[in-house]
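*Asks:* The amino acid sequence is not available; the structure is as follows:
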């Protein structure tokens, strides 16, 4: 099972990745951890990364992909991996697809850890870590029993200086601009799954296992990308037809007869109209002209009747009223 975890800072990617490692016994490949490891080991790629960092430059995608490639060639990654922190944009995702293709380890699914902005701010600004035993807390959702003191070992808790609203707001804006387009990238490939990542850690993990169960069993059927509605096809072109799960056009869209599921028979074709000869067309024209003339005659008669009735009406209107008889009062 080969997974990419997507999500904003504070969405819980690292926490869920550790639980997946224990569940499936596949490595959690974090680019940050990998980079620190190769720097400490002094590998050729680590030396290239160090040179870039010493010069105040970002480590290139080529170096990062080389580090990932070496890690995924290890024996423990043969059954799969959980990739976290890479890719961060579409060019990196495209390069990663090519790298995984050469390793014959194509990606199975990209899981988006979906958390709203307010919850992210609460998670990041409220987190506290124990530098002695590594325990994690959050003053809003998982506070220690005593303020700024670890429940396990009693050591002081550490609050990162960059865990403030201004810095976190900037990090989330960078995520929106650079990383969020990856959601549509993986959705267009049919690899995206969205996980509701709000709630207790164990509850979120259960949701994640239900989502990954078809991937583990090999029964997951990627959904086609949603069709865009409200757009008109270009002039001279037909509107795009919806694809089936197999990525093929339906038979009706190809002009083929559709077999009915109830009868299993093909529908009968409508017989074509026979072609008309010139003599037949001329005869039909004469009949049409005669029909038009016959349609005009009733209108003329009706007009004549109307005229006679009008004249009769005038004569009646022109008569003088009858005089009353002398015998009547």
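*Replies:* Happy to help now that I have it. Here the structure is a predicted model, which means the values were calculated and not measured.
*Asks:* Poorly predicted segments of this structure, please.
*Replies:* Applying pLDDT under 70 to the chain flags residues 223-329.
*Asks:* rerun at 50
*Replies:* Along the chain, the parts satisfying pLDDT under 50 run over 229-267, 270-271, 273, 297-306, 308-310, 312-314, 316-317, 319, 324-329.
*Asks:* For it, which segments are assigned as helices?
*Replies:* 13-24, 31-41, 44-54, 61-72, 90-102, 117-126, 165-174, 181-188, 201-217, 278-318 (DSSP state H).
*Asks:* May I see the buried residues of the second one?
*Replies:* For helix 31-41, burial by neighbour count (16 or more other C-beta atoms under 10 Å) applies to 31, 34-35, 38-39. Backbone N, C-alpha and C define where each C-beta goes, glycine included.
*Asks:* Quick check: the two most widely separated of those residues?
*Replies:* 31 and 39 (12.4 Å; C-beta to C-beta).
*Asks:* Number of residues surrounding the nearest residue to residue 18 once chain neighbours are set aside?
*Replies:* Distance criterion C-beta to C-beta, 6 or more residues apart in numbering; nearest residue to residue 18, sequence neighbours excluded, is residue 28 at 6.6 Å. Residues lying near residue 28 (other C-beta atoms under 10 Å) number 19.
*Asks:* need the contact list for residue 28.
*Replies:* For residue 28, the contact set (C-beta atoms under 8 Å, 6 or more residues apart in numbering) comprises 17-18, 20-21, 81-82, 84.
*Asks:* Identify the farthest-apart pair in these.
*Replies:* Of all pairs in those, the most separated under C-beta to C-beta is 18 and 81 at 13.8 Å.
*Asks:* quick one, which of these two is more surrounded?
*Replies:* Legend: neighbour count by other C-beta under 10 Å for residue 18 and residue 81, higher for residue 81 (25 against 12).
*Asks:* so the more buried one bridges to which residues?
*Replies:* Bridge pairing for residue 81 (DSSP bridges) gives the partners residue 2.
*Asks:* That one reaches residue 72, doesn't it?
*Replies:* Yes. Counting by C-beta atoms under 8 Å, residue 81 does reach residue 72; the two are 6.2 Å apart.
*Asks:* residues shared between the contacts of those two?
*Replies:* By C-beta under 8 Å, 6+ apart, the residues touching both residue 81 and residue 72 are 29, 105.
*Asks:* got the helices of the chain as TSV, with distance to residue 135 columns?
*Replies:* Formatted as TSV, the helices of the chain follow (distance: least, C-beta to C-beta, whole Å):
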stretch	distance to residue 135
helix 13-24	13
helix 31-41	19
helix 44-54	30
helix 61-72	28
helix 90-102	33
helix 117-126	15
helix 165-174	22
helix 181-188	32
helix 201-217	14
helix 278-318	94
